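S.K.: heads up, no residue letters with this:
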């Protein structure tokens, strides 16, 4: 299968501190690829390095084209949607303004966004900072889904959300993944099990395992070794 | 009573002048985290160019005054945009270097202005009405103050409308809140930087022409003096807050005028004391980090 994103020898640092070390992986052109790993191993930094939001070195190719020398806005304009950890909606802007700001094409996919997040339709004029965490996550996802992207980078979309909202977010990602490949950082293994086709495991800033998501999560010993968690079936602890 | 009204209204007028300078400083700091020490130079250049244009026309006519305002605004915008492109942009994300380069530019500009126009004040002429006063509740308020108030009000309204209802305005507000996320939506935030520099420079240029009418002269140091108060106003209002700058401009200037009149010319000292007080009690200023 061809890859939409190829990362080779990626290094990244924040204030001189190395946070990503020689990371290499490929993201298939379809489906959802999960990035797994314990807290603080460099998952978010990897995503941010791909986007050029932190200092990085190494090769990053989007559909075969080098993007590692480009500035963030140019990378995004090549068709990379970003849903950051902690939502990062503009709190002093309305929901509508948040969405308008994200639109990069003449015909944004309003219908898709409205059908996925009907809650937001009635809250267009509300300040995004006054929304609940779940609603803010919807705004954040909607900003990425308004455009026809070639790849979505989605960072911990279910973090801190109530179970009902987690399901809604997972539904939205599942729906989106039918048209665009997604690189997903996610701690909630139930969500990963449901959505991800492939998985990359990062530890101490390096890739330590890649493979089918089902194979990794199905192997309790492997999961325990790589992620430091026991994988109980869906009903139990998700982490 | 009439004295009270006079002191109050001249305070508001002076506050209007402070706002013309402080609005740009606040916008630039809010978005780019750069304290622009060259802002005074934009103001002084605007004042000199306005003066040069007006004296070639008929300094006492209204249309020469209008043209001088326009020229001041355009020159301020142009030189500010050039500064952003040539000096600030190459130092992207290096805030200390950016501040230092504006300090250097400010010194160099004053020396340049002195080289061209000399170090003595050059007294200017104005339309006759601006030399007159208007009676309000027994107080004779110089008409220049009304012009200042009108200009500052127009600027505040235009900025609020621009920030609220235009795409660039939305980008600037979003950028003040989270600049990295703006770029992560595919927006080149540097265009917004250029724009806030141009807008700020334009306000400073117009402020320069009006400041010359306020003091009655232009000089190479016109901007430096006003810049100190504009910085104080910006800090008291809350760095990056436009409404904060507007409120603090009026509060500081009124306080300054009252202290000058009733407390034996201690206005400048009182303003510094007020600054210290705000920094101690509320370091983020009156309305820290909120836009339009």
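M.R.: In hand now; what should we look at? If you're wondering where the values come from, they're calculated on a predicted model, not measured in any experiment. Residues are numbered from 1 along each chain as shown, chains lettered A, B, ... in the order given.
S.K.: how deep is whatever residue of the stretch 1-150 of chain B ends up closest to chain A tucked in, by neighbour count?
M.R.: Going by CB to the nearest CB, chain A is nearest to residue B:92 of the stretch 1-150 of chain B, at 9.7 Å. No exception for glycine: its C-beta is placed from N, CA and C like everyone else's. Using other CB atoms under 10 Å in any protein chain shown, residue B:92 has 14 neighbouring residues.
S.K.: Please tell me how far it sits from residue B:9.
M.R.: Distance, residue B:92 to residue B:9, by CB to CB, to the nearest Å: 44 Å.
S.K.: Equivalent analysis for residue A:21, please.
M.R.: 66 Å.
S.K.: can I assume residue A:8 sits in a strand?
M.R.: Yes: using DSSP: H, G, I helix; E, B strand; the rest coil, the assignment for residue A:8 is a strand.
S.K.: What is the burial count for it?
M.R.: 14.
S.K.: quick one: contacts for the residue of the stretch 1-150 of chain B closest to chain A?
M.R.: Contact analysis of residue B:92 by CB atoms under 8 Å, 6 or more residues apart in numbering or on different chains lists residue B:190.
S.K.: cool, and residue B:54?
M.R.: Residue B:54 neighbours (CB under 8 Å, 6+ apart): B:64-65, B:67-68, B:124-125.
S.K.: which residue packs closest to the residue of chain A found nearest chain B, ignoring adjacent ones?
M.R.: As assessed by CB to the nearest CB, chain B sits closest to residue A:76 within chain A, at 3.7 Å. Leaving aside its sequence neighbours, residue A:76 sits nearest to residue B:186 (CB to CB, 6 or more residues apart in numbering or on different chains; 3.7 Å).
S.K.: what about that neighbour, neighbour count?
M.R.: 22.
S.K.: pretty sure it is in a helix, no?
M.R.: No: read with three-state DSSP, residue B:186 is coil and lies in no helix.
S.K.: Could you check how far whatever residue of the stretch 51-200 of chain B ends up closest to chain A is from residue A:212?
M.R.: Closest contact between the stretch 51-200 of chain B and chain A, by CB to the nearest CB, is at residue B:186 (3.7 Å). Distance, residue B:186 to residue A:212, by CB to CB: 32 Å.
S.K.: Repeat that for residue A:222.
M.R.: From residue A:222 across to residue A:212, the span is 12 Å (CB to CB).
S.K.: can you map out the helices along chain A?
M.R.: Remark: helices assigned in chain A by DSSP state H are A:43-50, A:72-77, A:95-102, A:110-116, A:118-122, A:133-145, A:163-176, A:189-195, A:213-218, A:220-227.
S.K.: I meant to write chain B there.
M.R.: Secondary structure of chain B (DSSP H): helices located at B:2-32, B:39-56, B:62-83, B:95-117, B:128-131, B:143-165, B:167-177, B:179-183, B:189-215, B:222-237, B:242-262, B:267-281.
S.K.: packing partners for the fifth one?
M.R.: Spelled out, that is helix B:128-131. The helices and strands touching helix B:128-131, judged by 3 or more CB pairs under 8 Å, 6 or more residues apart in numbering or on different chains; DSSP states H and E, are helix B:143-165.
S.K.: Just read off the phi/psi values of residue A:158.
M.R.: Reported as degrees, to the nearest 10, the phi and psi values for residue A:158 are phi -100, psi 10.
S.K.: Now it. Nearest residue, chain neighbours left out?
M.R.: residue A:166 (4.5 Å).
S.K.: got any ranges where chain A has weak pLDDT?
M.R.: Chain A contains residues with pLDDT under 70 at A:1, A:229-239.
S.K.: Not counting sequence-adjacent ones, nearest residue to the residue of it most remote from its centre?
M.R.: Distance from the C-alpha centroid of chain A peaks at residue A:125, with 26.7 Å (CA atoms, centre = their mean). Of all residues not flanking residue A:125 in the chain, residue A:94 sits nearest, at 5.4 Å (CB to CB, 6+ apart).
S.K.: Count the residues that sit near the one you found.
M.R.: 19.
S.K.: wait, doesn't it sit right on residue A:120?
M.R.: No: in terms of CB atoms under 8 Å, residue A:94 does not count as a neighbour of residue A:120; the distance is 10.8 Å.
S.K.: Excluding sequence neighbours, find me the nearest residue to residue A:42.
M.R.: residue A:205 is the one closest to residue A:42 (CB to CB, 6+ apart), at 4.1 Å.
S.K.: Please apply the same query to residue B:27.
M.R.: Using CB to CB, 6+ apart, the closest residue to residue B:27 is residue B:196 (4.6 Å).
S.K.: what's residue 141 in contact with, if anything?
M.R.: Picking chain A for this. By CB under 8 Å, 6+ apart, the residues touching residue A:141 are A:83, A:116-117, A:154, A:157, A:169, A:172-173, A:176.
S.K.: Not quite, go with chain B.
M.R.: Going by CB under 8 Å, 6+ apart, residue B:141 touches B:5-6, B:9-10, B:13, B:133-135.
S.K.: Brilliant, that's me finished.
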